[in-house]
Each structure stands twice: as C-alpha cells, then as structure tokens.
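>>> Give me the fold of what follows.
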Amino acid sequence: MDIDDWLRRIGLEQYAQTFRDNAIDADVLRDLTDDHLREIGLPLGARLKLLRAVAALGTSEQPPASPEITPSAPRIDAERRQLTVMFCDLVGSTALAARLDPEDMREIVGAYHRCCADLITKAGGFVAKYMGDGVLAYFGYPNAHEHDAERAVRAGLALVEAVPKLKTAAGVPLQVRVGIATGLVVVGDLLGAGAAQEQAVVGETPNLAARLQALAEPNAVVIADSTRRLLGNLFELKDLGAMDLKGIAGPARAWAALRASSAESRFEALHTTGLTALVGREEEFELLLRRWSRAKTGHGQAVLLFGEGGIGKSRLTAALLERLAAESHTRLRYFCSPQHTDSALHPFIGQMERAAGLSYDDKLQVKLDKLDRVLTQTSTSPEDAALIAEMLSLPNDGRYPAPELVPEQRRQRVLEALMAQLEGLAQLRPVLMILEDAHWVDPTSLEVFGRIVDRIRTIPVLLIVTFRPEFDAPWVGRAHVSSLMLNRLGEGETAAIIARLVGNKTLPADVLAEIVERTDGIPLFVEEMTKAVLEAEGEGTARDTAAAVPSAAMAVPATLHASLMARLDRLGPAKELAQIGAAIGREFSHALLASVARKPDAELGSALDRLVEAGLLFRQGVPPQANYLFKHALVQDAAYGTLLREPRRVLHARIIEALESQFTDMAESQPELLARHCTDACDPACKFDPIGGVIGVQS
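Numbering: from 1, shown residues only. Sure thing, here's the model as predicted:
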C-alpha cells in the first residue's frame, strides 16, 4: 500500500512528509496509537481521523467503504498479557433488519460502528472486530496505557450515552449493551498471516465480556468483578450479585457501571481501604509546612514536587491536606487526566464543578443557582460569571450578559476571569492550590498556571504542582519556586510500610525480604505487592506470590500491570530486548545480551539506548563493556511475563549455550545461575549436575 496515496484518499495528504520523516510505512501503519501521533505533532482532529481510518483498514488495504469491514490486527508476536475486553451489541438489530429496507439497515449499522470506533479509539482502545451489529474492542493491546480498565468503562459509558442520540435516515431510536471484563489472555497473530481476527485473543476474558453484555439492560454497561477491582471508587456501581454464566466456571459476580463518581481525587478514589501512614518523608513534609507558613504572610510560594510514578507525590499532598484541615484556608485541587490532555481547561472545569457541587441529575437552573452561590463569594462580575458558565458548558438562561467576542478575545477573558477568582479567594483567607499530574496538563491550563505562578508572589497562596520527571516544568529557577524530588525509600522504611499493612498478621521473614527486594522502595509497589501476598490463600501461595515465579505472569499485581506494560509498549522494537534481558536476569552484561539476542551491533545499541533513555535500565560503563540493571524488579517481571512458554524455553537454552561457550568463568563461578536457566528451559536434554554444573545441552 502506498502511504502517500492512502493519506490523500482520507484527506490528510498534508501529513505525508511527516510520515516519511518518521519512517511510518505500510508495515507499521496498524501499530499506530494516539500517543505515537501526538509525539510526531499531529493535532487532535487529524489523530482521530487517522486512527478511525487505521481501525477500519481491511485486507484490501483500501479506505473503508463501510465500517462493517473487519480490521486486521497488528502483526506482532503472540504474548501473555492482562487485557480488558469490551463487547458491544446493538439491541434489537434482528427485529430492525426484518422490518427495514437493507439500505436503511446498512446506514444504521454503519453509523453505530463509526460511533463505536470514534469513542473506543479516543479512549485508547483498539477495535478488534466488527461482527454484524457487535463490536469487539481491546484495552491494553496492541499498546497498554495506564488505567486501561478505567478507560474501557469510560468508553462504555460514553457509548450508552452517544448511541441513542445517533441520527439515522430511518429515524429509528437505537440502544446498545456493553460488557467488560479483565483477565490474563494470550494475544497476537496466533495462527499466522490471514488468521481470523476473533482468534487473536485466547482466554476466558473475551467470553466473559460477551456473556456480561448479553445480560445487560439496554443502554447499560456491565463489568466483571476482575474489572471492578481495578477501579476503586472512580465510578458509581450497582452490585448485580453472583451469576451463573454459560461457559464460565463458577458464579461470576457482576456490576453495572452507572456513571463516573464525584470523588475529588483519583488518588483517594483508588485507595478505597484508606491511606497508609506516611513513612520516610519527614524532611519533605517539613519543607511543605515551611513554604505554607511563608505563603500565609503574603509571600506566595510554589513547590514543584516530582518523582516517578508511585513514588508518593499524592500521598505527601494528602498528608499536608490532613495537617491543615483545622486551619482557616481555602483549598483548590486540580486534577489532570491522560484522557484529557487536549481538553482545554479540564482541571479548572473539574475544580469548579466540585466547588459548586454540580450533580449529573441537576436541572439547568439548579446548576446555575449553585454556580452563582460560589461566584458570589468572590464578587464575580456578571460578565465573568457568563464566561465561567460557558466554560462549564452551562447554557445562559438569561441571567448573564452575552458579550460578543471573537474566539481569541473570549479565551483571554476566560483566563482573566480565572485569575480574578483566585485573587478574590486570596483576599478572604490563605489559599492552598494543588495541581496533580501536571505531566498530563492541557496547553491552555498550563498557560493559566504560568500566570498563577507569576501572580502569587504577592498574595497568600501556596501552589504545589506534582508531576513525573518527563514533564519539563517551565517555572524552575524563580525565587519563590522550590523544586522537590522524591527518591525511593530505604529498606527499613519499606519494611515499616509492610508492617503497617500486615498489622496483626505474620509474614515469614523470607517473604518479607522478597517484597522489600522486588518493590525497590517504590511505595505504591510495596503496597500492592503486600496486598497481593495478604490476599493469597495460605502461606504456600503467599510464598509463591512474593517470589514471583517468572512463569506466572500474574506475579505482577493486576493493579500495577497496565502501567508497567504501558512503559514496555512505548519502547517499540526495543521491547524485545527488554524481554531477552528479563530472561537473563535483573542484571546482565552487554556481551551476554548480544550473544543471546543475536542482533546487529547498531540495532542492539540503539535498542539499549532506548531502554536507558526510557528509564527502564540503568547502565554502568561503556558498551560493549557495559553492564545493565533493570530499574525495577517488577518491570523485569512484566517483560518476562509476556513471553509464551516456547519462546521462553528457547531463550533460556540460548543463555545456557552462551554461558557454556563464551562465558565459562561466569558458568564456573555461578553454578546456581546455570541451574536456574536449566530449570526454566524445562528441557530434558539439558542435564544439571548439582556438583559440576551443567553437563551440556545436547542436540
């Protein structure tokens, strides 16, 4: 397929050079994700149009004449991975087909398919197959994203809202049912070229999603308990109880997803059992208190709080909120979202809706009355009130003036109105502002916070901005701005967190040591791994969970799986090197990896550079004398856990061969290393002598 011609036929020929500059050709076209297209600079509208066209590509490689064409899956090797599967079905389609002209029915199904493709793709999902009036979608494949289960449920709720609003020539009202389940599957091109798409995922999860869809009410979303456990309190759910489903072993508990919850904080919504005690952050906490004390005197401060995911940024801000609860102050909390990086002012909209107490079922007049009560506190002008109501998508019922402004004027006036709100609140009492996850902030909100950082120097405001290291904060170096990086916890601090989670229960010392070693001082990893061990039945199962036998992909807690896989999937071809390195061990040499991987030096070097730049590996020394260490043991587990049994066995056999033939000193000094690889190879031809080491791998 000629990419230039294909882009021309879908009306995006202006991006042909961008595709050429980034080596995007027909071989990788179906692997494209929204993250890839954003990285090469495409605007939102072009990304949506491209992803819709990619999802609808058929085997003819022509632009789709109808969305009923089955898309083909990306050509990648099969893997074990945790997947959230969505199954959507149009209600009453058989009866519709019986009474409508086939052309009218085609138009209805086409509009329905396009709606599904748009909303699923926008949420980060992959439309795997159109099956008549059914749609099968994956969240977590071919590219994982953080919070794939959440993305799937949000897409499902968007579908049951959007499908009934579709306008069709036949004027027929439409309804849809959605089923969602999460679980371990084998996914990929399992049968080779030309394989039927419905065979691309093997496991119970797709069947469970289909069964849940069948029992859903019209315009309802039903999710499996496996999905529900990953959502915390992010959604309002209705417990449907345990159900006997055809083809599913044992009763399956199901939940109806009603709507997004009104939880103020994602962090708190995902910690449904309460927050663990703050451990090992005394110095950082004291710095925040000192900055707050200075801000209250009218010398506003900003603190840039950054560190890798799970390091405890949100936990530290939660501790500050708890400490200041008894003080007179105003708190403003802003939350960024990976689903809204292109949604202008999303954090401000959310904050204002929470401050006003707007509810989904409030009538328009009630919402405007609630908004007025909030704005009255700061003596907001009617003109500013009109702009803020418009920002919240609330129609003007006549109570506000309707200024006639061109778009850029309107935008600037909205930003000024938001600044006036902050200044009005600061006149009443000190203000604590917290911007969470700024690495997902939209450009317009970033501009507003830039103005806020400048303005707070002379007003009683403390602004705390949390983000991951990949975000380039533009305010570093200013006199009233402090940067605070959170590092990993020490072994003693990690053990203290585990002890508080365990409570009166007892963990064997070796299990405790395994958790400490494998979680690398990341508080979130410590919490989730400890909970996984505690939930295991019996000490033997607990030992297996903590030891994370590599053949068990679920050694990585389900709550961490999506975020870890997202890091790996972003690597592209370098992911294979991560898998090979994971098979060798937590630490490996450049030379051993090269011997096992059997790739050209340039390709190997480029892939390793990518792994180091992505923060997945530490490198010591200069290649080819370099040594590498996985930054996190759980990243190693996630990479290894994707491998199927046969590729895994072959890798271990290659490692044994390399150790015996090229690294004899290592083989002699570390016989236990050979023993492990021999065991993992599961090859009867590989004989291990416990005294003399490996006798040999025989042909």
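
>>> Next one: the closest residue in space to Gly232 that isn't next to it in sequence from Gly585, what distance?
Sequence neighbours aside, Leu270 is the residue nearest to Gly232 in space, at 3.9 Å (criterion: Cβ to Cβ, 6 or more residues apart in numbering). C-beta coordinates here come from the backbone N, C-alpha and C atoms, glycine included. According to Cβ to Cβ, to the nearest Å, Leu270 and Gly585 sit 32 Å apart.

>>> mind listing the helices for the stretch 251-400 of the chain?
Ranges of helices within the stretch 251-400 of the chain are 266-270, 282-296, 313-323, 346-356, 364-376, 382-391, based on DSSP state H, counting those that start in this stretch.

>>> Of all those helices, which one comes closest to Ala479?
Nearest to Ala479 among the helices of the stretch 251-400 of the chain is helix 282-296 (11.8 Å), distances taken as Cβ to Cβ.

>>> what about the closest one, distance to the chain center?
32 Å (Cα atoms, centre = their mean, to the nearest Å).

>>> Next, count neighbours for Leu212.
When neighbours are counted by other Cβ atoms under 10 Å, Leu212 registers 30.

>>> Same question for Leu568.
Neighbourhood size, Leu568 [other Cβ under 10 Å]: 22.

>>> Chain neighbours aside, what residue packs nearest to it?
In space, Leu568 is closest to Lys575, 5.3 Å off (Cβ to Cβ, 6+ apart).

>>> ok so that neighbour is a helix residue?
Yes: Lys575: assigned to a helix according to DSSP: H, G, I helix; E, B strand; the rest coil.

>>> contacting residues for the residue nearest to Gly232?
If you count contacts by Cβ atoms under 8 Å, 6 or more residues apart in numbering, Leu270 has them with Gly232, Asn233, Leu234.

>>> Report the separation between the first one and Ser93.
What that stands for is Gly232. Using Cβ to Cβ, which is the criterion applied here, Gly232 is 35 Å from Ser93.

>>> Can I get the buried part of the contacts of Leu270 as one ChimeraX selection?
Under the burial definition 16 or more other Cβ atoms under 10 Å, those of the contacts of Leu270 that qualify are selected in ChimeraX by:
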select :232,234
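
>>> Could you tell me which ranges of the stretch 201-350 of the chain sit under the pLDDT cut-off?
Along the stretch 201-350 of the chain, the parts satisfying pLDDT under 70 run over 269, 271-274.

>>> go again using 80 as the cut-off
247, 249, 262-276 (pLDDT under 80).

>>> all strands for it, in order.
Secondary structure of the stretch 201-350 of the chain (DSSP state E, counting those that start in this stretch): strands at 201-202, 220-224, 235-243, 252-260, 301-306, 330-335.

>>> What of the stretch 501-650 of the chain?
Under the criterion DSSP E, counting those that start in this stretch, the stretch 501-650 of the chain contains strands at 587-589, 617-620, 627-630.

>>> any residues touching the shortest one, and which ones?
It refers to strand 587-589. Gly581, Ala626, Asn627, Tyr628, Leu629, Phe630.

>>> Quick one, which of those residues are buried?
Gly581, Ala626, Asn627, Tyr628, Phe630.

>>> Pick out the most distant pair among these.
Farthest pair in the buried ones among the contacts of strand 587-589, by Cβ to Cβ: Ala626 and Phe630, 14.2 Å.

>>> picking that back up, so which of the strands of the stretch 201-350 of the chain is nearest Gln662?
strand 201-202 (37.3 Å).

>>> Please name every helix or strand in contact with that closest one.
Applying 3 or more Cβ pairs under 8 Å, 6 or more residues apart in numbering; DSSP states H and E, we find strand 201-202 packed against strand 176-187.

>>> do that again at 10 Å, thanks
Applying 3 or more Cβ pairs under 10 Å, 6 or more residues apart in numbering; DSSP states H and E, one finds that strand 201-202 contacts strand 79-90, strand 176-187.

>>> Now do the last one: distance to the chain's middle.
The gap between the average C-alpha position of strand 176-187 and the chain average comes to 17 Å, counting by Cα atoms, centre = their mean.

>>> That strand to strand 79-90, inter-axis angle?
Counting by axes from the mean of the first three to the mean of the last three Cα atoms, to 10 degrees, strand 176-187 lies at 160 degrees to strand 79-90.

>>> Export only the CA atoms of strand 176-187, formatted as PDB.
This file holds the C-alpha atoms of strand 176-187, laid out as PDB (Å, rounded to 0.1, in the frame of the first residue of the first chain):
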ATOM      1  CA  VAL A 176     -26.700  -0.600  23.000                       C
ATOM      2  CA  ARG A 177     -25.500  -3.100  25.600                       C
ATOM      3  CA  VAL A 178     -21.900  -3.200  26.800                       C
ATOM      4  CA  GLY A 179     -20.000  -6.000  28.600                       C
ATOM      5  CA  ILE A 180     -16.400  -5.500  30.000                       C
ATOM      6  CA  ALA A 181     -14.000  -8.000  31.600                       C
ATOM      7  CA  THR A 182     -10.400  -8.000  32.500                       C
ATOM      8  CA  GLY A 183      -8.000 -11.000  32.700                       C
ATOM      9  CA  LEU A 184      -5.000 -12.900  31.500                       C
ATOM     10  CA  VAL A 185      -5.000 -13.800  27.900                       C
ATOM     11  CA  VAL A 186      -2.700 -14.900  25.100                       C
ATOM     12  CA  VAL A 187      -2.900 -12.200  22.400                       C
END
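
>>> got the phi/psi numbers for the closest residue to Leu324 other than its chain neighbours?
Spatially, and ignoring its direct neighbours in sequence, Leu324 is nearest to Leu432 (6.6 Å; Cβ to Cβ, 6+ apart). Per-residue torsions, Leu432: phi -110, psi 110 (degrees, to the nearest 10).
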